[in-house]
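In: 3D, please:
(one chain, ligands or ions: 1)
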Amino acid sequence: MDNARTAVAEVQSLFIDSQWVKPDSGRYFSTINPATEEAITQVPQAGERETDLAVAAARRAFDTGPWARMKPLDRGKMIFRIADVVEKQLEELSLVESLDTGKPLAFTRTRDVPFAVDLLRYYAGWANKIYGTTLPTDESALACTIREPIGVVAIITPWNSPLILSLMKIAPALATGNTLIHKPASWTPLSALKFAEICQAAGLPEGVYNVVTGPGDTVGTRLTTHPDVNKVSFTGETVTGKVIMEKAAGTLKRVSLELGGKSPHIVFADGDLEAAATFAAKGFCLNQGQICWAGSRLFVEEKVHDRFLEKLLRHVQDDWKVGDPMDPKTCVGPLISQKHLGDVLGYIETGKKEGAKLILGGDKPPMKKGYYLNPTVFDEVENSMKLAREEIFGPVLAVIPFKEFDEVIEKANDTFYGLAAGVWTNDMKKAYHTARRLKAGSVWVNCYGALDVMAPFGGFKQSGFGREFGQEVLPLYTETKTVWFQM
Ligand code: NAD
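Out: Residues are numbered from 1 along each chain as shown. A predicted model of the protein is given here:
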């Protein structure tokens, strides 16, 4: 804990052109530990001027620096070095991430930081494997394509899993030779600043990775409208994604958007009910339900409904203990802020008024401080209720009973989101047909929330476009150039 406190005390500057810079305005904001409601540290509140400085540094680094020009193998080696430093700092980074987000240390240590290392190593390996093609011309010409970096990329990220959600963009953007300006969410800016320290320690060339902390409507807007930014890679709410797309249109920036979800998790009667209950609990309790792919609409076939719910409630109560994120036994920490807790409690009240049946939680545990909420389950939810339509982003599950195959497919797809879905059945034909008919970027069969650096992840419909993970990301950070030699 002391390590983390010392660590965060050092990050009270912006990181621009590999220098630690104080904001001109002299303005700072507090980042709050959601478990104690106390300020962890002060973080600079950048404005347009600092954002412009960061863009200029990234532009210079891209246009005249070594990064985009070096041998891709050497770029890969640098990213491997960064991964090694992240791995060495696992304890410190996990503490910082847990303090800043309220995410249990049990997960930041074993999942977030190791996954961040995997992301860096996976994309470091890709750096020299991004090929163009030779085109089939006649003998009078030689024509080929070259995959070049896009240029200056703005990376705008949310607060719910800041380190991983940032590195899934930063790693491929760096591997492909771009230079970056990162604007982390104001609730959770610390891991981005720690990552800047790590890049500096590893020797990343000047101006390649810049961090500007500050509000979305000033820093974020400046990045999305700035003529020297070539691409915006964004993760956050669907409504913010729409604003970004509109603003980016002015300079026709490339845009990738990873947005919200209201994912259906379907349990057929012939599935492994015990395993399904374990994953259904994880699907809405992990990270306090503050996960884009949360399985927040649980469709349960009517004939096993009572039996299944008994198992589900047992798993929630036994496996998902609410408590201090620093306690290694804790699996559910606090929500990110007082405001967000208030919004989630508001949804719970609406659910009761709409006639859904509250069967678990709905209240705060007895901690004196912190934005805690007990995992909450509503049964007898209609797919038309607000509980089933809006992304609550908290540990709140809507159970929707169903009778028929076509009925559940129709209801599962009846949402403007399309991020993820889950299905439990031992009938592989049924599993296959379900997976094919669901309108979602990822469908998990007999598991839920399986993520891997190699498996593309992203949204259909208003859950966004573009993908994270895997090789599908690489074209999102490169331009294809055709070079035609007339002989
Ligand atoms: P948010 O949209 O409020 O903020 C995300 C980021 O955008 C923050 O850094 C914020 O400061 C910035 N921002 C806000 N307004 C902006 C503007 N006008 N221009 C530019 N930047 C702006 O989202 P949040 O509350 O931080 O995160 C939660 C949301 O993120 C949820 O909807 C969740 O589903 C989504 N999410 C999606 C994925 C995915 O992979 N699809 C992953 C994680 C989270």
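
In: Spell out which parts of the stretch 251-400 of the chain neighbour the ligand.
Out: Glu258, Leu259, Gly260, Gly261, Cys292, Glu391, Phe393 (Cβ under 6 Å from any ligand atom). Placement of C-beta: from N, CA and C, glycine included.

In: between these, which is nearest Asn128?
Out: Glu258 (26.6 Å; Cβ to Cβ).

In: The closest one and Asp118, how far apart?
Out: Distance of Glu258 to Asp118, computed by Cβ to Cβ, to the nearest Å: 18 Å.

In: now Lys242
Out: Taking Cβ to Cβ, one finds Lys242 at 32 Å from Asp118.

In: between those two, who's got more neighbours?
Out: Asp118 (18 against 13; other Cβ atoms under 10 Å).

In: What are the boundaries of the strands in the stretch 1-150 of the chain?
Out: Along the stretch 1-150 of the chain, counting by DSSP state E, counting those that start in this stretch, strands occupy 14-16, 19-21, 28-33, 38-44, 134-135, 141-149.

In: tell me the most buried of these?
Out: strand 14-16 (a mean of 25; mean count of other Cβ atoms under 10 Å).

In: distance between that strand and the chain's centre?
Out: 23 Å (Cα atoms, centre = their mean, to the nearest Å).

In: what about this structure, any weak spots by pLDDT?
Out: For the chain, residues meeting the criterion pLDDT under 70 lie at 1-11.

In: Spatially central, which residue of it would that be?
Out: Centroid check for the chain by Cα atoms, centre = their mean gives Leu165 as the closest residue, at 3.6 Å.

In: partner strands of the helix or strand containing His265, parallel or antiparallel?
Out: For His265, the element it lies in under DSSP states H and E is strand 264-267. According to DSSP bridges, strand 264-267 forms sheet pairs with strand 297-301 (parallel), strand 420-424 (parallel).

In: which residues are contacting the first one?
Out: So the one you mean is strand 297-301. Here strand 297-301 makes contact (Cβ atoms under 8 Å, 6 or more residues apart in numbering) with 262-269, 280, 283-284, 308-309, 312, 381, 383, 388, 397-403, 408, 411-412, 415.

In: And the next helix or strand past it?
Out: That would be, after strand 297-301 and using DSSP H and E, helix 305-319.

In: What residues sit buried inside that next one?
Out: His305, Phe308, Leu309, Lys311, Leu312, Leu313, His315, Val316 (16 or more other Cβ atoms under 10 Å).

In: which other helices and strands contact that helix?
Out: Where contact means 3 or more Cβ pairs under 8 Å, 6 or more residues apart in numbering; DSSP states H and E, helix 305-319 is packed against helix 273-285, strand 297-301, strand 357-360, strand 376-379, strand 396-402.

In: need those in TSV with mean neighbour count, can you?
Out: Output for these, formatted as TSV (neighbours: other Cβ atoms under 10 Å):
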stretch	mean neighbour count
helix 273-285	23
strand 297-301	26
strand 357-360	15
strand 376-379	25
strand 396-402	24
